[in-house]
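J.: Quick one: sequence and predicted model below, then my questions.
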Amino acid sequence: MCQSELHSFLKKLPKCEHHIHLEGALAPSLLFQLASRNEIILPPDDDAFKSRDALLARYKRFLSLDDFLHYYYIGMSVLIHEDDFEALAWDYFRHASSDGVHHAEVFFDPQAHISRGISYSTILNGFNAARSRAQCELGITTELICCFLRHLPASKCLAVFEQDDIQASFANGAIKGIGLDSSELGFPPHLFKDMYEKAAKQGLRRTAHAGEEGPADFITNALEALGVERIDHGIRLADDDELMGRVAANGTMLTVCPLSNVVLKCVGSLEELPIRMFLDAGIKFSINSDDPAYFGGYVLDNYCAVHEAFDLDIGDWERICRSSIKGSWCNTKRKAEMIATLEALVSEWTR
Ligand SMILES: Nc1ncnc2[nH]cnc12
Ligand SMILES: [Zn+2]
C-alpha cells in the first residue's frame, strides 16, 4: 500500500478518541485572540508569549511533563466566558471529525478554572453547546470526563468533587466519568482512593493517568487502589512483565498518546514505544492526541506516526480500532454502528 492510500485508509478508520484534554486543544491563534478579547495579560517576561510563532517554537522545546504543564495552565487562563469554552471545544470537534473520529471522550480540568473564579456552569454550558453542535452538524458522539489535578491536595480534590453543581452534573449524566491528571512524579494514585470509591458508588466511570513519567507501580496502584477501568498513557507497563500479563488478561485498555510521549521526552523516539510489544502481548489500547495544540498533531497524525514507526498491517489496525471501540464508554448500539463501519472498511481494503 502506498503512502497516500495508507493515509486514506487510516483517515477512514472509525476512530474513537479517549485521551484528549480540551484545554490542550487551545491553538495559539485562539489563545492570543481570547487573551486580547478578554484583556488577559500573558507573562510579559517570557519571550514565548511575544508571538504565535515564538509560542509554537517554545512548544517544540518542552523538557518534561511539568515544563509543558507550565504553559498549559497559563494558556487556559484566557478562557473566561461560555463562548470561549464553546469555541475551544468546537475547534477540537472540527479537527477530530476531519480526522475520522466518530466518538470522543474528552477530559477537562474544572479546578484549573474554578480557582480563577470561573463558575462550573460557565465551563459546562460552553462545552455542552459545542457537543450538541458536534452531534448535529458532524455526527460525532461525545462524553465529558471530569479530571482532578493530582498536584493539589487530595482533600481539595474531594471538596471540589463534592461541590453541589459538580455532583448535579454527575447525577444528571452530563459527566460520564472522572480522571486524574497533571504532574505525576511524587503524586501516587492511592492518595485519591476516597474520591474514586465515592465515584464508583455513584456509578461514574473511572480512569487515571499512570505510567506516563511515573513507574509501572503507579499503574498497579491505580488499578488496585482506585479501581480504574482504563489507564491513561500506561507506557511504563512495558517495564513489568507480570503486570502486563494481568492487564492483558483483564482486558484493561490503555489510552496511549504517541506524539505526546516523544514531545514530553517520556521516550527518546516513537520507535521506543512498546506498540509492537503491546500488540504481541494482547494489550488493548487506543491511540490519542492528548494535547493536540501543544504536541504538533491531532489524532490522525498520531495514527500515521505509529504506522510509519511500526509498519503495521491492516490486521493490526483492525485490532487497534476494534479495541478502541469496545473500550469506549458509549452505548452498545453506538459501538455496533462503529464496528459495522470498521468491518465494511476492512473488507473493502482486503478484497
Ligand atoms: N499529558 C498529560 N499528563 C498529565 N496531565 C496532563 N494534563 C494535560 N496533559 C497532560
Ligand atoms: Zn493526558
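T.: Nice, I can see it. Ligands and ions are numbered 1, 2, ... in the order given.
J.: from here on, contacts and neighbour counts on C-alpha atoms
T.: OK.
J.: Count the residues that sit near residue 33.
T.: 13 (other Cα atoms under 10 Å).
J.: From ligand 1, how far out is it?
T.: Residue 33 sits 21 Å away from ligand 1, going by Cα to the nearest ligand atom, to the nearest Å.
J.: What residues does the stretch 201-350 of the chain have near ligand 1?
T.: 290, 291 (Cα under 6 Å from any ligand atom).
J.: Helices of the stretch 201-350 of the chain, residue ranges please.
T.: Ranges of helices in the stretch 201-350 of the chain, per DSSP state H, counting those that start in this stretch, are 216-226, 241-250, 258-263, 275-281, 292-295, 299-310, 314-326, 332-350.
J.: I'd like to check which residues are in contact with the spatially closest residue to residue 234 that is not a sequence neighbour.
T.: In space, and not counting its chain neighbours, residue 234 is closest to residue 211: 4.4 Å by Cα to Cα, 6 or more residues apart in numbering. Taking Cα atoms under 8 Å, 6 or more residues apart in numbering, we find residue 211 in contact with 217, 218, 219, 233, 234, 235, 236, 237.
J.: got it, and residue 207?
T.: Contact partners of residue 207, counting by Cα under 8 Å, 6+ apart, are 177, 178, 179, 180, 228, 229, 230, 231, 232.
J.: Please narrow the residues you listed to those residing in strands.
T.: 177, 178, 179, 180, 230, 231, 232 (DSSP state E).
J.: and the stretch 51-200 of the chain, which of its residues are near ligand 1?
T.: Close to ligand 1, as judged by Cα under 6 Å from any ligand atom, the stretch 51-200 of the chain has residues 181, 182, 183.
J.: buried subset of these?
T.: Among these, those scoring as buried are 181, 182, 183 (criterion: 16 or more other Cα atoms under 10 Å).
J.: The second one contacts residue 188, doesn't it?
T.: Meaning residue 182. No - in this structure, residue 182 is not within contact of residue 188 by Cα atoms under 8 Å, at 11.6 Å.
J.: just the strands in this structure please.
T.: 15-17, 101-108, 141-149, 177-181, 205-210, 230-233, 253-256, 284-287.
J.: got these as a markdown table, with mean pLDDT columns?
T.: Shown next, in a markdown table, are the strands of the chain (pLDDT from 0 to 100):
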| stretch | mean pLDDT |
| --- | --- |
| strand 15-17 | 98 |
| strand 101-108 | 99 |
| strand 141-149 | 99 |
| strand 177-181 | 98 |
| strand 205-210 | 98 |
| strand 230-233 | 98 |
| strand 253-256 | 98 |
| strand 284-287 | 98 |
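J.: Appreciated, that's everything.
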